[in-house]
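Participant: What shape does this take:
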Amino acid sequence: KLGWTFVFLGADIDSYATGGSLGYARGSTRSHAATAAGYASAWSDVSHAMSAQRFRRSARGYTDAKRLAASKSYFSAAESAKKSKHA
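Facilitator: Numbering: from 1, shown residues only. As a prediction, the model looks like this:
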């Protein structure tokens, strides 16, 4: 309602099942290893996704409906950017 987006990060658990049972969208959930590298990777994913969200939200004509839809797939824009960067 206020434009907030919540993500679920889980270490060495079934993050998608656990996050889903708590109401988190699958596209806003990440699972990682409970290691220093795993945590670094998870927070890197959050950082890249936030940058992608900010970029999309700054576009002219970005609506509340688009914001709500994007909150359900928080990591999608960052994944798309990664894929196109490596293609």
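Participant: List the buried residues of the helix ranked longest in the chain.
Facilitator: Ranked by number of residues, the top helix in the chain under DSSP state H is helix 36-57. For helix 36-57, a neighbour-count test (16 or more other CB atoms under 10 Å) marks A42, D45, V46, H48, A49, A52, Q53 as buried. Just so you know, the C-beta spots here come from the backbone N, C-alpha and C atoms, and that holds for glycine as well.
Participant: which other helices and strands contact it?
Facilitator: On a contact count with 3 or more CB pairs under 8 Å, 6 or more residues apart in numbering; DSSP states H and E, helix 36-57 meets strand 8-11, strand 29-32, helix 64-71, helix 76-86.
Participant: for F6, helix, strand, or coil?
Facilitator: Of the three states, F6 takes coil under DSSP: H, G, I helix; E, B strand; the rest coil.
Participant: what sits against it?
Facilitator: The contact partners of F6, by CB atoms under 8 Å, 6 or more residues apart in numbering, come to Y24, S28, S71.
Participant: Serialize the buried residues of helix 36-57 to CSV and add fields for distance to A11 and pLDDT.
Facilitator: Output for the buried residues of helix 36-57, formatted as CSV (distance: CB to CB, whole Å; pLDDT from 0 to 100):
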residue, distance to A11, pLDDT
A42, 8, 93
D45, 13, 92
V46, 14, 93
H48, 19, 91
A49, 18, 90
A52, 23, 87
Q53, 23, 84
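Participant: got these as JSON lines, with distance to A33 columns?
Facilitator: Below are the buried residues of helix 36-57 laid out as JSON lines (distance: CB to CB, whole Å):
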{"residue": "A42", "distance to A33": "9"}
{"residue": "D45", "distance to A33": "13"}
{"residue": "V46", "distance to A33": "16"}
{"residue": "H48", "distance to A33": "18"}
{"residue": "A49", "distance to A33": "19"}
{"residue": "A52", "distance to A33": "23"}
{"residue": "Q53", "distance to A33": "25"}
